[in-house]
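**Q** Model the following, please.
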Amino acid sequence: MATAITLGIFVLTLLLIFLRPKGLNEAWFTVAGGAAMLLLGLETPAQAWKMVLDGKEALLFLVGLLLLAELMQASGFFEWASIHAARAAKGNGKALFRNVFLLGAVVTALLSLDTTAVMLTPVVMAFVTRLKLNARPFLFACAFVANTGSLLLQVSNLTNLLLAGAFGWSFFEFTGRMIVPQLLVLAVNLLLFRWLFRSSLPDAFCADQLPKPRDVIPDARFFHASTLVFATVVVGYFVGAALRIPPYAFAIAGALILLVLGIRARWIRLGIVREISWSVFPFVIGLFLVIRAMENLGLTELVGRGFAEGGQSKLLTVLIGTFGAGLGSNAVNNIPMALLSISSLRHGDDLARYAALLGCNIGPNLTVAGSLATMLVISTARKRGEDVGAKDFFFVGLKVTPALLFVGSLGLLVTFGFIR
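**A** Numbers count the residues shown, from 1 in each chain. Alright, predicted model coming up:
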């Protein structure tokens, strides 16, 4: 009976996240699911509290990153960067698409995939509309690169932070393992998109219709302060890794410094804090509680056993992990899949763990419900009159995602130094 109830709550929670009845925020459903697991005795308060504590570094980093991204948005940074990327294309439509894709990759790597979804997407949609170009290829670029560009750093994706924290991966170790898969996946993604959208991409555009980069900056002093703080935070990630200082310390410190400077100089108002998507925190914490109850069933051990059986072949281990987690991410969303992977692979090896992470990050490009970032990109575009249905997204994802998972798997095998 306990197994049936736990599975029922788990499935119902995920279903409500996807359907969002009456437009309610996803956090309502994960919190309700977690509360139900506790109230019905399917997990203990001690287990729930430990699950939250295990993910505290990821949550703290998310606080700092969201605030920093919001402040940089207010400084005009994303619009400034987008205009520069567009002008650098010099009227070449294919080069414009490439530049937008690469800008998205950089923003995702340094400021996380959600920043690309929430901050960069509306800016890109705005200037594409202004240039009277077909927005569809650029929308897909933003949606896909938000996931495919999130492999390089621990700070690029919440899933990275969760697995790195659970398995004790250092900042440099993580980047060393992921740099080859990241470069391969981005290159193949861009090449496939250039081919898929070859008839939709413009041959040329009129760059003179774009404003000058300096014209989109509300306050030059705040802009310069923002870029300086941002650069310092990024350097801090690497310096802190050598000194064993967690990345959230730099993200929070940088955001608070910029916030205080902005308020004291009256560049911004304290109300900017309300613009942060605070609902992401109860959403994630609720998921923690739901997944912890699933762990109590022992079902995750079955998955771990499957990895162990595949471990006789390194290639098979990577392919099982990558494609399995990728498919799972589309079925249950990549954050729950990452948490399930952590539970399943506590006694596995790092090759299987990195493979699962690869699948959790790239796999969501198959469906619109695979990751929150994808859903945010699609919803942002819809507000601007550009609608991409689940069917259209699936068919594009079907042509691209398996190839990305495969080349990513090969890249991961290269970084581990063996293929057999």
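**Q** what's the helix or strand where Leu162 lies packed up against?
**A** Using DSSP states H and E, Leu162 falls within helix 158-167. Packing partners of helix 158-167 (3 or more C-beta pairs under 8 Å, 6 or more residues apart in numbering; DSSP states H and E): helix 56-75, helix 334-344, helix 350-362. All C-beta atoms are positioned from the backbone trio N, CA, C, and that covers glycine.
**Q** Out of those, which is the most enclosed?
**A** Mean neighbour count (mean count of other C-beta atoms under 10 Å) peaks for helix 350-362 among the helices and strands packed on helix 158-167, with a mean of 28.
**Q** how much distance is there from the following helix or strand past it to the middle of the chain?
**A** Note on helix 350-362: by DSSP H and E, the next helix or strand toward the C-terminus is helix 372-383. Centroid separation for helix 372-383 versus its chain: 13 Å, with C-alpha atoms, centre = their mean, to the nearest Å.
**Q** Tell me which residues of helix 372-383 come out buried.
**A** Across helix 372-383, burial judged by 16 or more other C-beta atoms under 10 Å covers 372-378, 380-381.
**Q** if we can go back for a sec, can you redo the helices and strands packed on helix 158-167 as a markdown table with distance to Asp392?
**A** Listed next are these as a markdown table, based on distance: least, C-beta to C-beta, whole Å:
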| stretch | distance to Asp392 |
| --- | --- |
| helix 56-75 | 29 |
| helix 334-344 | 21 |
| helix 350-362 | 19 |
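**Q** Would you reformat those as JSON lines and include distance to Arg266 and mean pLDDT?
**A** Shown next, in JSON lines, are the helices and strands packed on helix 158-167 (distance: least, C-beta to C-beta, whole Å; pLDDT from 0 to 100):
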{"stretch": "helix 56-75", "distance to Arg266": "13", "mean pLDDT": "88"}
{"stretch": "helix 334-344", "distance to Arg266": "38", "mean pLDDT": "85"}
{"stretch": "helix 350-362", "distance to Arg266": "40", "mean pLDDT": "95"}
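**Q** before we move on, back to that, nearest to Trp80, of the buried residues of helix 372-383?
**A** Thr380 (19.2 Å; C-beta to C-beta).
**Q** separation between the closest one and Ala27?
**A** With distances taken as C-beta to C-beta, to the nearest Å, Thr380 is found 19 Å from Ala27.
**Q** Quick check, central residue of the chain?
**A** Centroid check for the chain by C-alpha atoms, centre = their mean gives Leu113 as the closest residue, at 3.6 Å.
**Q** Give me the pLDDT for it.
**A** Here, the pLDDT recorded for Leu113 equals 88.
**Q** quick one on the thing from earlier: next one: the helix or strand following the helix holding Leu162 to chain centre, how far?
**A** Using DSSP H and E, the helix or strand that follows helix 158-167 towards the C-terminus is helix 171-196. Its chain's C-alpha centre lies 14 Å from the corresponding centre of helix 171-196 when counted by C-alpha atoms, centre = their mean.
**Q** Also stretch 348-366?
**A** On C-alpha atoms, centre = their mean, the centre of stretch 348-366 falls 13 Å from the chain's centre.
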